[in-house]
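Participant: Sharing a sequence plus its predicted fold:
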Amino acid sequence: MIRPGPKNLITDVAGLLVGNAADETVKTGVTVLTAADPFTASVHVMGGAPGTRETDLLAPDRTVERVDALVLSGGSAFGLDAAQGVSDGLRAIGRGFAVHGMTVPIVPAAIIFDLANGGDKGWTTSPYPALGRNAFDAASETFALGTAGAGTGATVADLKGGLGSVSAMWNGYTVGALVVVNAVGQVTVGDGPQFHASGCEFGDEFGGLGQGIADPTRLAPTKVTQSDREATVIAIVATDARLSKAQAARLAVMAHDGIARAVRPSHAPMDGDVVFGVSTGARDLSSPTDLMWLGHLGALCLSRAIARGVYHAIDAPDDVKPTWRGRFG
């Protein structure tokens, strides 16, 4: 039987920590996933316009097996600077890849485009290194969802986006998802409040409203406008199962199905859709087929996390789009 973990957060995967930091004036922020020990990670990119750092290193044939943290950030290309702040925090505690007497923190990152969300972007010094360091320093087992961290300035086609997370437990394994929902597509059905991901929902974790009925004659997502072209869903799907980099990559590939189920359209030319696959390695795979089911759980978790991120968004001054709660709550 599948059930959510006790916190219903990615940190139900034992050992993982998440920290958020935000600048409410700029309407942006950073979310960091880290752990006490390095963890195996890989990545799969399906969006046509990704913004990333060090993702080439995560390919199965690359040398470094483990990373020290993963960064999800607002700010478009500026937000990649957040990884520097996280690297500084890791270096201060002696964490990193050992080479020639030095420790070099391994911190891959992905960003969303949130530069047109009503915030003040007139900074003279990039806020992202400090936001990255603050998010790293704040890392814990509990953290806020919705308008928090890298989801602070996120939007979707017709609503405010946000930061989402869930978990699932099955057959002794734990799987969790963490996502910044900044999609070009819609996450709700037509003009109603129901989420496309409703078939994956446990209880009322994003309202418990059931499935909406879409008009089959209106297949086009009419809420998408020309101004919504630069958009992204960036996510981390993690498990405590012991996976190789190649298996973590397959976990990320399968988890992308969760975006397609929850966001319509998805993986578009100007999307930057990126999913990191993470393994803490606490438990050996008990069957060759278990990776298949873990990938399935990853997709289910990612769909739920997307809906949950939008569901928990809250209103803020100068927002350019309404929240789900403001429109339907």
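Facilitator: Happy to help now that I have it.

Participant: list the buried ones in whichever helix or strand T40 is part of?
Facilitator: Per DSSP states H and E: T40 is located in strand 28-45. Across strand 28-45, burial judged by 16 or more other C-beta atoms under 10 Å covers 28-35, 38-45. C-beta: built from backbone N, CA, C; applies to glycine.

Participant: of those residues, closest to K121?
Facilitator: T28 (8.4 Å; C-beta to C-beta).

Participant: Regarding this protein, what is its longest helix?
Facilitator: Secondary structure of the chain per DSSP state H: the longest helix is helix 290-311.

Participant: Quick one: name whatever helix or strand follows it.
Facilitator: With elements assigned by DSSP H and E, the helix or strand that comes after helix 290-311 is helix 324-328.

Participant: Pull the contacting residues for L178.
Facilitator: 9-10, 18, 31, 33, 72, 163-165, 235-236, 238, 305 (C-beta atoms under 8 Å, 6 or more residues apart in numbering).

Participant: residues near I236, how many?
Facilitator: Residues lying near I236 (other C-beta atoms under 10 Å) number 29.

Participant: again but with D137, I slipped
Facilitator: D137, neighbours per other C-beta under 10 Å, totals 14.

Participant: isn't it right next to G19, touching?
Facilitator: Yes. Counting by C-beta atoms under 8 Å, D137 does reach G19; the two are 6.8 Å apart.

Participant: Tell me where the chain has strands.
Facilitator: 16-23, 28-45, 52-53, 66-73, 97-99, 102-104, 109-111, 162-170, 173-182, 232-241, 274-283 (DSSP state E).

Participant: circling back to that earlier point, orientation of the strand holding T40 relative to strand 66-73 in degrees?
Facilitator: If you take axes from the mean of the first three to the mean of the last three C-alpha atoms, to 10 degrees, strand 28-45 sits at 130 degrees to strand 66-73.

Participant: on that earlier part again, so of the buried residues of strand 28-45, which two are at opposite extremes in space?
Facilitator: So, the buried residues of strand 28-45 by C-beta to C-beta: farthest apart are T28 and T40, at 29.5 Å.

Participant: Now the strands of the chain in JSON lines, please, with extra columns for distance to T152.
Facilitator: Output for those, formatted as JSON lines (distance: least, C-beta to C-beta, whole Å):
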{"stretch": "strand 16-23", "distance to T152": "4"}
{"stretch": "strand 28-45", "distance to T152": "4"}
{"stretch": "strand 52-53", "distance to T152": "20"}
{"stretch": "strand 66-73", "distance to T152": "10"}
{"stretch": "strand 97-99", "distance to T152": "31"}
{"stretch": "strand 102-104", "distance to T152": "30"}
{"stretch": "strand 109-111", "distance to T152": "13"}
{"stretch": "strand 162-170", "distance to T152": "8"}
{"stretch": "strand 173-182", "distance to T152": "9"}
{"stretch": "strand 232-241", "distance to T152": "14"}
{"stretch": "strand 274-283", "distance to T152": "19"}
